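Chemist: Here is a sequence together with a model predicted from it:
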Amino acid sequence: MRKKFLNQAVLSAVRRTSKSKIRPPPPASSPDVIRVTNNIAHLGRPKEGPKPRQLLSLPPFPGHSLPGRKSTSAEHVTAISWLKYYFDDIPPPLIQSHFNKGLVQMESLDSRGPSGCHQGQTDSMRKLKHSDVMEVGARVYVPVSVAECKISKRFDVIPSGTLYPNADEIEYLRRLVKYKDSAILVLNKPPKLPVKGNLSVHNSMDALAAAALTYDYDEGPKLVHRLDRESSGLLLMGRSRESISYLQWLFNDGRKAESLSEDWNDACEAMYQRYWALVIGLPKQKEGLICTPLTKVLLNDGKTERVVLAHNSCLEAAQEAITEYRVLGPTINGCSWIELRPHTRRKHQLRVHCAEALGTPIVGDYKYGWFVHKRWKQMPRVDFEPTTGEPYKLRRPEGLDVQKGSVLSKVPLLHLHCREMVLPNIAKFIVLHKQQLGGYRVNPEHDLKPDVLRFVAPMPSHMKISWNLMSSYLV
């Protein structure tokens, strides 16, 4: 009994000694170093290394000539030319600075498996110089800081509901015009502005364009395709009857090839649209092709129309719908940036394919993603970099108002933006076809004009804020 009491006393003494005097040795990997702060030297831990950067994935480099580029050959396209082409709306000095800092990387072609997927991104990445020549199929990665945007508070006011806009509204609308020639007009449509008006909607894009964007024509431009009211991006309008008929044929999914000329057919084949969207969640595959037909159903006694996946249903005639998608970067705060390229043009095609086919509804799409929005937590949380496992930490920058429809606002706006559009040079082909049909000689000046036009539109303010919040401010 006495021996047991002594053992307990010795153990308690050892515990008290260990608490008061014994300290664990510092880790061998991070010894203390002398640091100077405000002219005072003290011991401290060394500075941590650079945090993991979120990388933005560019599409594979195509093997054909780049649409809208002056050079017709794709054999000697340098890396900086490829980045300047893809980020057409970003100042070139900013892209050059990323090359100077060694931040642009390329995935080695040898690291791809038979299916084209990444085998190991960390081991297969190498730094890319601005003068390196791009190879067919090469995939470039660049930090998302290359697409950081300054948020402008100007020109965010939507024109009032009137058929007769005032001088300020006309000036505002003309600032939206990105391109104008004798055949077409290209605008960067803001969100919440309807495209087609009716008796209750006067401030629609077609009515405002007819009143403010006639320029030197007798009639205003006409719509040839549509964007949803809540979405934003490139909107194309025709300025003459001939150009409108050409454009309506181009945007018709059931069009048949016309043998007007070989150059015209090649230009039509090069036509495409690319959208950027922020979705809740992450698609299971990094890229793929959605081939799911769509159909319409009526709800609330026929008062509400909704587009759903057909699933071999016999409710209505199903329409073929094809969408190509690609994930731009990793998941941050429960959301992912993706790029969408529709091959068909059905009503709400991208929204339904994202919500129902991929299971990742677009942020702000309450019609097709209401239940996911109810469960979605918008508070910042810790995510992990997929290749290194290092944590990302989201912090809100000072002085930035996130209550403007961004991803952290109480009611986010729809994050769907038509960023890029490539289409034939309608004005050039109208003149060429007239001269060919009339037996006149072709003017050599028209041959110098490009066969294909390319446009890139910056994102609206609420999407810029979301991009900066979720991409640029990761530490």
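Modeler: Arrived safely, thanks for sending. Because the structure is a prediction, the values reported are computed rather than measured.
Chemist: Helices of this protein, start to end?
Modeler: Secondary structure of the chain (DSSP state H): helices at 2-20, 79-86, 92-100, 121-124, 167-175, 205-212, 241-250, 262-269, 349-352, 370-375, 426-438, 444-448, 461-467.
Chemist: Ok, which of those helices comes nearest residue 224?
Modeler: With CB to CB, the closest approach to residue 224 among these belongs to helix 241-250: 3.9 Å. Where you see a C-beta, it was placed from the backbone N, CA and C, and this is true even at glycine.
Chemist: That closest one versus helix 426-438: what angle between them?
Modeler: 110 degrees (axes from the mean of the first three to the mean of the last three CA atoms, to 10 degrees).
Chemist: Pull out the buried residues from helix 241-250.
Modeler: By neighbour count, with 16 or more other CB atoms under 10 Å as the criterion, the buried positions of helix 241-250 are 242, 243, 244, 246, 247, 250.
Chemist: mind giving me JSON lines with those residues and columns for distance to residue 204?
Modeler: Rendered in JSON lines, the data for the buried residues of helix 241-250 read as follows (distance: CB to CB, whole Å):
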{"residue": "242", "distance to residue 204": "24"}
{"residue": "243", "distance to residue 204": "21"}
{"residue": "244", "distance to residue 204": "18"}
{"residue": "246", "distance to residue 204": "23"}
{"residue": "247", "distance to residue 204": "19"}
{"residue": "250", "distance to residue 204": "23"}
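Chemist: could the helices of the chain be laid out in TSV, adding mean pLDDT?
Modeler: As requested, the helices of the chain are arranged in TSV below (pLDDT from 0 to 100):
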stretch	mean pLDDT
helix 2-20	51
helix 79-86	90
helix 92-100	90
helix 121-124	55
helix 167-175	81
helix 205-212	80
helix 241-250	91
helix 262-269	86
helix 349-352	94
helix 370-375	84
helix 426-438	83
helix 444-448	70
helix 461-467	86
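Chemist: Including distance to residue 183, could the ones you listed go into JSON lines?
Modeler: Written out in JSON lines, the entries for the helices of the chain read as follows (distance: least, CB to CB, whole Å):
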{"stretch": "helix 2-20", "distance to residue 183": "84"}
{"stretch": "helix 79-86", "distance to residue 183": "24"}
{"stretch": "helix 92-100", "distance to residue 183": "29"}
{"stretch": "helix 121-124", "distance to residue 183": "44"}
{"stretch": "helix 167-175", "distance to residue 183": "18"}
{"stretch": "helix 205-212", "distance to residue 183": "15"}
{"stretch": "helix 241-250", "distance to residue 183": "4"}
{"stretch": "helix 262-269", "distance to residue 183": "13"}
{"stretch": "helix 349-352", "distance to residue 183": "27"}
{"stretch": "helix 370-375", "distance to residue 183": "41"}
{"stretch": "helix 426-438", "distance to residue 183": "4"}
{"stretch": "helix 444-448", "distance to residue 183": "13"}
{"stretch": "helix 461-467", "distance to residue 183": "30"}
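Chemist: Figure out which of those is closest to residue 231.
Modeler: With CB to CB as the criterion, residue 231 lies closest to helix 349-352 of the helices of the chain, at 8.6 Å.
Chemist: Which strands and helices lie in contact with that closest one?
Modeler: Contacting helix 349-352 under the criterion 3 or more CB pairs under 8 Å, 6 or more residues apart in numbering; DSSP states H and E are the following elements: strand 304-309, strand 335-342.
Chemist: picking up where we left off before, which one, of the helices of the chain, ends up nearest to residue 330?
Modeler: Comparing the helices of the chain by their distance to residue 330 (CB to CB), the top pick is helix 121-124, with 10.7 Å.
Chemist: Can you check the distance spanned by stretch 305-325, start to finish?
Modeler: Its first and final residues considered, stretch 305-325 spans 26 Å by CA to CA, to the nearest Å.
Chemist: For that stretch, give me every contacting residue.
Modeler: 253, 283, 287-299, 338-344, 346-353, 356-358, 367 (CB atoms under 8 Å, 6 or more residues apart in numbering).
Chemist: rerun at 6 Å
Modeler: Under the contact criterion CB atoms under 6 Å, 6 or more residues apart in numbering, stretch 305-325 has outside partners 289-297, 299, 338, 340-344, 346-349, 352-353, 356.
Chemist: Give the buried residues for that stretch.
Modeler: For stretch 305-325, a neighbour-count test (16+ other CB under 10 Å) marks 307, 308, 309, 310, 318, 319, 321, 322, 323, 324, 325 as buried.
Chemist: Going by distance to residue 132, which of the residues you listed wins?
Modeler: Sorting these by how near they are to residue 132, with CB to CB, puts residue 324 at the top with 27.2 Å.
Chemist: now that closest one: how far from residue 350?
Modeler: Residue 324 is 11 Å from residue 350, where distance means CB to CB, to the nearest Å.
Chemist: quick one: which of the buried residues of helix 241-250 is nearest to residue 76?
Modeler: The shortest approach to residue 76 among the buried residues of helix 241-250 belongs to residue 250, at 31.0 Å (CB to CB).
Chemist: Relative to residue 225, how far out is the closest one?
Modeler: According to CB to CB, residue 250 stands 9 Å off from residue 225.
Chemist: residues near the nearest residue to residue 271 once chain neighbours are set aside, how many?
Modeler: Taking CB to CB, 6 or more residues apart in numbering, and ignoring the residues beside it in sequence, residue 271 has residue 423 as its nearest neighbour in space, at 5.0 Å. In terms of burial, residue 423 registers 25 neighbours under the definition other CB atoms under 10 Å.
Chemist: who's residue 423 bridged to?
Modeler: For residue 423, the beta-bridge assignment (DSSP bridges) gives partners residue 453.
Chemist: picking that back up, between the helices and strands packed on helix 349-352, which one is nearest to residue 458?
Modeler: When the helices and strands packed on helix 349-352 are compared for distance to residue 458 using CB to CB, the nearest one is strand 335-342, at 14.9 Å.
Chemist: May I have that closest one as PDB, with CA atoms only?
Modeler: Only the C-alpha atoms of strand 335-342 are listed here, as PDB (Å, rounded to 0.1, in the frame of the first residue of the first chain):
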ATOM      1  CA  CYS A 335     -19.100  26.900 -57.000                       C
ATOM      2  CA  SER A 336     -17.300  26.300 -60.300                       C
ATOM      3  CA  TRP A 337     -16.700  28.400 -63.300                       C
ATOM      4  CA  ILE A 338     -17.500  26.500 -66.600                       C
ATOM      5  CA  GLU A 339     -17.400  27.300 -70.300                       C
ATOM      6  CA  LEU A 340     -20.400  26.300 -72.400                       C
ATOM      7  CA  ARG A 341     -20.600  26.000 -76.200                       C
ATOM      8  CA  PRO A 342     -24.100  25.300 -77.500                       C
END
